[in-house]
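>>> Got a predicted model here, sequence first, then my questions.
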Amino acid sequence: MTEEEIREKIFDIIAKEARIDRGTLTLESKLEDLKIESLDMVQILFGIEDAFDVYVPQDDQSFKLATLKDVVDGVKRLVAAKQQSA
Amino acid sequence: MADHIRVAVTGIGSISSLGHNVGEIWAALEAGKTGIAPLTQVPLEQINIKIGAEVKNYDETKRFDDRELLVYDRYTQFALLAAREAMADAGIDFKKDEALGLETAVIVASGVGGWSTIDQAFYSLHKLGKPRAHPLTIPRMMISAAASQISMRFGLKGPAFCVSSACSSSNHALGEAYWMIRTGRARAALAGGSEAEISLTSQRSWESLRVMASDTCRPFSKDRKGMVIGEGAGILVLERLDDARKRGAKIYCEIAGYGLSADAGDIVMPDADGAARAMRQALQTSGLAPGDIDYINAHGTGTQLNDATEVKAIKAVFGEAAKRLMVTSTKSMHGHALGAASALEAVATVKAIEQSVVPPTANYVAPDPDCDLDHVPNTARRAKIRAAFSNSLAFGGLNAVVAFKAV
């Protein structure tokens, strides 16, 4: 899966779960500014785990969720780690 | 003098990750020992959060016969064991006093009831494709099964039912039982709650909510990561204070008030205003002033948000008096037993008053500026407790606070 595919998929999930116009999402968007509610965030993480078949650790400090770039980078890392262990 | 009927606590019984009876449990609470450990009821390779506060070394076949086990889900077993201990402790034989039995209520809470029975039925029908369910599936799983079995076992024929309000369930049960006696609708009551939902389905579902800690439960502490699921039961025998005195019963303390409220906010996020209203009502119904309360057994789940919100609510209600309050969360030791949580905490609070010892907040690492009350970290403290609150602030914004007072 290319970086672009990962990014597109993540944007799809965030737009759907948080009911945000997908066209407004950029890698620089801050999650805080998007005003994503806690239950929506939980659903986004669930959507990511489901789509990429990965586990997003509950309290992994390296998985920072400040901007959408952080989310994409985090997922890329999890996907790479999964491919390595496979 | 109260202008209403006063309600005494004359018997307590409990089972949890800390022990199979109140003696064992109190010894652990006093020692600041935690019951949190790797889970045994769920295959660890199938879950990500691998810890919980399970009832340990429990062999159901040593506690109940085959016939009983056919109809008792694990949650009903816990409720019956706690009820049996509480009854023996109170020293009332309702079968000998039929008139009293007719006026004795049974209010036993649970968050989900016979979860393992439901889980098994689903598994065998959906997954294994079995053509039929076990005939006792319904009587085992129903959320009121424990209330029914306790009333049957002890011959209690007054009002009997289950209340369910997620993590506040047991405080609602204790509060309603208290209110029934206070208003003359019952003469005595067995009240509390039971929960046993640790399973693959519940654990994975809690994981997905992202409120669980993977290390341990550290309420009010900096770097707390969330809650840890527990299980168990707690049952209290309540009766009219004048009756208890007349029969020369051992009186632990009284339940002096009860406050309840709803946030009408969010299904998972707590609200300080809702919690504060419940605490204010507990003060009002008990006739206690903020300065009369020495100890709060907090809801204290160990999530970032709950603990900070609860502290904010306590400060709003107690003002200056908050500074000399001791506020601990025993969930750090017995975990979060959900519908049974406030029953386990009621037992801890009653013992704390009786023993003049405040059970600590275990697993505490360092202070959090948002939780700056006296959380009695890690080591129990000897202190006279004139009155105490036990707080419950459930998911869905259902709050219940029970006020206990030394007699």
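Arrived safely, thanks for sending.

>>> and chain A, which residues reach chain B?
Contact residues, chain A versus chain B (Cβ under 8 Å from any Cβ of the partner chain): A:Ser38, A:Leu39, A:Met41, A:Val42, A:Leu45, A:Phe46, A:Tyr55, A:Pro57, A:Gln58, A:Asp59. The C-beta positions use only the backbone N, C-alpha and C, and glycine is treated the same way.

>>> mind running it again at 6 Å?
Taking Cβ under 6 Å from any Cβ of the partner chain as the measure of proximity, chain A contacts chain B at A:Val42, A:Phe46, A:Tyr55, A:Gln58, A:Asp59.

>>> Can you get me a residue count around the second one?
Using other Cβ atoms under 10 Å in any protein chain shown as the criterion, A:Phe46 is surrounded by 17 other residues.

>>> secondary structure element for it?
helix A:38-52 (DSSP states H and E).

>>> what's the offset of that helix from the middle of its chain?
Centre-to-centre, helix A:38-52 and its host chain are 8 Å apart (Cα atoms, centre = their mean, to the nearest Å).

>>> buried sites along it?
Neighbour-count burial for helix A:38-52 flags A:Asp40, A:Met41, A:Val42, A:Gln43, A:Ile44, A:Leu45, A:Phe46, A:Gly47, A:Ile48, A:Phe52 (criterion: 16 or more other Cβ atoms under 10 Å in any protein chain shown).

>>> ditto for stretch B:10-25
B:10-22, B:25.

>>> which residues make contact with the helix holding A:Phe46 from outside it?
Contact with helix A:38-52 is made by A:Lys9, A:Ile13, A:Ile14, A:Glu17, A:Ala18, A:Val56, A:Val75, A:Val79, B:Ser208, B:Arg210, as judged by Cβ atoms under 6 Å, 6 or more residues apart in numbering or on different chains.

>>> Chain A versus B:Asp59, what's the distance?
To chain A, B:Asp59 is 33 Å away according to Cβ to the nearest Cβ, to the nearest Å.

>>> ignore the last one, B:Ser208
Computed as Cβ to the nearest Cβ, the B:Ser208 to chain A distance reads 6 Å.

>>> residues contacting that residue?
A:Phe46.

>>> Return the distance of the helix or strand that it is a member of from the chain's centre.
Per DSSP H and E: B:Ser208 is located in helix B:200-209. Here the centre of helix B:200-209 is set off from its chain's centre by 21 Å, with Cα atoms, centre = their mean.

>>> Give me the average confidence score over it.
What helix B:200-209 shows for mean pLDDT is 94.

>>> May I have the next helix or strand after it exported as CSV, CA atoms only?
Proceeding N to C from helix B:200-209, the next assigned helix or strand is strand B:232-240, under DSSP H and E. Extracted as CSV, the C-alpha positions of strand B:232-240 are listed here (Å, rounded to 0.1, in the frame of the first residue of the first chain):
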residue,chain,number,x,y,z
GLY,B,232,-17.2,-9.4,42.4
ALA,B,233,-20.1,-8.6,44.6
GLY,B,234,-20.9,-6.7,47.7
ILE,B,235,-24.1,-7.0,49.8
LEU,B,236,-25.1,-4.9,52.8
VAL,B,237,-27.8,-5.7,55.4
LEU,B,238,-29.7,-2.5,56.2
GLU,B,239,-32.4,-2.2,58.9
ARG,B,240,-34.1,0.4,61.0
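
>>> Check which helices and strands the top helix by length along chain A sits against.
Identified as the longest helix of chain A according to DSSP state H is helix A:68-85. Counting contacts by 3 or more Cβ pairs under 6 Å, 6 or more residues apart in numbering or on different chains; DSSP states H and E, helix A:68-85 is packed against helix A:3-17.

>>> which ones are touching the closest residue to B:His4 other than its chain neighbours?
Closest residue to B:His4 apart from its sequence neighbours, by Cβ to Cβ, 6 or more residues apart in numbering or on different chains: B:Arg182 at 5.3 Å. B:Arg182 makes contact with B:His4, B:Ile5, B:Val7, according to Cβ under 6 Å, 6+ apart.

>>> Would you show me how to pick out the buried ones of the contacts of helix A:38-52 in PyMOL?
Those of those that count as buried under 16+ other Cβ under 10 Å are selected in PyMOL with:
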select buried, (chain A and resi 9+13+14+17+18+56+75) or (chain B and resi 210)
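
>>> Tabulate the contacts of helix A:38-52 in JSON lines, adding columns for distance to A:Leu31.
Below are these laid out as JSON lines (distance: Cβ to Cβ, whole Å):
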{"residue": "A:Lys9", "distance to A:Leu31": "17"}
{"residue": "A:Ile13", "distance to A:Leu31": "13"}
{"residue": "A:Ile14", "distance to A:Leu31": "9"}
{"residue": "A:Glu17", "distance to A:Leu31": "12"}
{"residue": "A:Ala18", "distance to A:Leu31": "9"}
{"residue": "A:Val56", "distance to A:Leu31": "14"}
{"residue": "A:Val75", "distance to A:Leu31": "14"}
{"residue": "A:Val79", "distance to A:Leu31": "20"}
{"residue": "B:Ser208", "distance to A:Leu31": "19"}
{"residue": "B:Arg210", "distance to A:Leu31": "14"}
